[in-house]
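**Student:** my questions are about this predicted structure, shown below with the sequence.
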Amino acid sequence: MVSRSLHIAFRVDASETIGAGHGMRCVTLALGLKQRLKQLGMKADFHFVSTKSAQLLVNLYRQNGFLHSVVDTVDSSVDHIKADVWIVDHYQLDRVFEQTLTNRNLKVMVIDDLANRMHDCHLLLDTNFLENYKNRYNELVNESCRLLLGPSYALLREEFYALSQVQCKALRQILICFGGSDPHNMTMFALNALRLLDDNCIEANVVINDNHKARNEISEQIQRINSKTIHKVQLHINSRNMSHLMQTATLMIGAGGSMHWERCVIGLPAIIISVADNQRETSQYLADKNVCDYIGHFDEVGIEQLAGRMADLLRLPHRLSKMSNSAKTIIPLDKGTPKVCDEIISTFQLTSTR
């Protein structure tokens, strides 16, 4: 057992441009590590470091009791931050930055999705599910790096590991959520498509963050839908109950990224519109396996196209059932965040005496 508190630092940015996904999954990992280390009788503090221009989730970090520091640029030195372990989740950082840490004999983990640059680290996590996902990093990491690859290592929040049994599921309930930042306002896009479905009474839940740039417009649009159509739409801001909303939905309209794995655990069928280039390939691969219906990139899809696909799927409960069953085969409930935490503790020997 250690005789002092561990110091674990995250180098991660979140902004309207970058999105919130990197920061959200790091928070999930930090909370998971905190709980697992506590079970082992160990104390740890967590320090989030972000660029001055990318502080979208600062309030979330602080609400969870995490320290937060700001650096001027993406590649600014972090030598002034006290840490035993660094977890780096940033597309603009590579082995050059990582070596500034490993050269100081610090332990380094990288979270990546792209497999497009060299890394120097002890542990690398990439949850992407692609045809070649097991081999993408063969030439990109140092020989001693341990790889955690595939959706069985998906970083899911605790609520997804304590799923309740939903007894009654609405036959036409849609969940609309495009992540923490939704820079292209695809939430409004989906609401406009929903308005075109005037032949069936549909219930819908819409989830956005309180800092969504079109929050007022979305709220007004929902009021118009509720007053002028037979649909019933409810807005949820900063929902802390996503697993329940997913469990009670018939179909989800959303983006790729980490929400893929949340849907898979629930077994929730989805129509996917990618909002970042790195979401395209995994979304298409999952669609090929009948896990979701991927209809294209945000700038390639029309409102009428989305409305038509929604109407078609809602008329085909047998297809939704098959999609749900396919999704449930992707993520084992006995792995995910707890498995990643155990791998970190084991790889970095965090239980050893100091």
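**Tutor:** Yep, that arrived.
**Student:** any idea which element I272 lies in?
**Tutor:** Element membership for I272 (DSSP states H and E) is strand 270-274.
**Student:** could you point out which element follows that strand?
**Tutor:** Heading C-terminal from strand 270-274, the first helix or strand you meet, by DSSP H and E, is helix 280-288.
**Student:** what's the angle from that following helix to strand 270-274?
**Tutor:** Using axes from the mean of the first three to the mean of the last three Cα atoms, to 10 degrees, the direction of helix 280-288 lies 160 degrees away from that of strand 270-274.
**Student:** and helix 280-288, what's buried?
**Tutor:** Using 16 or more other Cβ atoms under 10 Å as the test for burial, helix 280-288 gives E281, T282, S283, Q284, Y285, L286, A287. Just so you know, the C-beta spots here come from the backbone N, C-alpha and C atoms, and that holds for glycine as well.
**Student:** contacts for the strand holding I272?
**Tutor:** Contacts of strand 270-274 with the rest of the structure, by Cβ atoms under 8 Å, 6 or more residues apart in numbering, involve 178, 186, 189, 251-256, 260, 263, 280, 283, 286-287, 292-298, 301, 306, 309-310, 313, 323.
**Student:** hmm, 7 Å instead?
**Tutor:** In this structure, residues lying in contact with strand 270-274 by Cβ atoms under 7 Å, 6 or more residues apart in numbering are 186, 251-256, 263, 280, 283, 292-298, 301, 306, 309-310, 313.
**Student:** mind giving me the ChimeraX command for buried ones among those residues?
**Tutor:** Remark: buried members of those, expressed as a ChimeraX selection using 16+ other Cβ under 10 Å:
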select :186,251,252,253,254,255,256,263,283,292,293,294,295,296,297,298,301,306,309,310,313
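**Student:** now C145: how far from E343?
**Tutor:** The gap separating C145 from E343 is 12 Å, by Cβ to Cβ, to the nearest Å.
**Student:** now swap in T187 and tell me
**Tutor:** 35 Å.
**Student:** the two: who's more crowded?
**Tutor:** A side-by-side neighbour count of T187 and E343, using other Cβ atoms under 10 Å, places T187 first with 26 against 16.
**Student:** next up, the contacts around the more buried one.
**Tutor:** By Cβ under 7 Å, 6+ apart, the contact list for T187 reads I176, F178, V206, I208, I218.
**Student:** kindly indicate whether it is helix, strand or coil.
**Tutor:** Here T187 is recorded as helix under DSSP: H, G, I helix; E, B strand; the rest coil.
**Student:** would you mark the buried spots in stretch 117-125?
**Tutor:** H119, D120, C121, H122, L123, L124, L125.
**Student:** from H122, how far off is Q349?
**Tutor:** For Q349 relative to H122 (Cβ to Cβ), the value is 11 Å.
**Student:** what do you get for Y161?
**Tutor:** Y161 is 26 Å from H122, by Cβ to Cβ.
**Student:** just the strands in the stretch 1-150 of the chain please.
**Tutor:** Listed in chain order, the strands of the stretch 1-150 of the chain (DSSP state E, counting those that start in this stretch) span residues 6-12, 44-51, 67-71, 85-89, 107-111, 123-126, 146-149.
**Student:** mind listing the strands the fourth one pairs with, and their directions?
**Tutor:** Going back to what we said before, that points to strand 85-89. Neighbouring strands of strand 85-89 in its sheet, by DSSP bridges, are strand 6-12 (parallel), strand 107-111 (parallel).
**Student:** nearest to V71, out of the ones you listed?
**Tutor:** strand 6-12 (8.5 Å; Cβ to Cβ).
**Student:** using CSV, write out every CA atom in the closest one.
**Tutor:** Output of strand 6-12 as CSV, limited to C-alpha atoms (Å, rounded to 0.1, in the frame of the first residue of the first chain):
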residue,chain,number,x,y,z
LEU,A,6,-1.2,9.5,-5.7
HIS,A,7,-1.2,12.4,-8.1
ILE,A,8,-2.9,11.6,-11.4
ALA,A,9,-3.1,14.3,-14.1
PHE,A,10,-5.0,14.5,-17.3
ARG,A,11,-3.9,16.6,-20.3
VAL,A,12,-7.2,17.1,-22.2
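**Student:** tell me where the model's unsure across the stretch 1-150 of the chain.
**Tutor:** In the predicted model, the stretch 1-150 of the chain carries pLDDT under 70 at residues 1-4.
**Student:** quote the end-to-end distance of stretch 41-56.
**Tutor:** 33 Å (Cα to Cα, to the nearest Å).
**Student:** can you pull the contacts of the residue positioned nearest the centre of the chain?
**Tutor:** Most central in the chain under Cα atoms, centre = their mean is S258, positioned 2.9 Å from the mean C-alpha point. By Cβ under 7 Å, 6+ apart, S258 lies in contact with G21, R25, L155.
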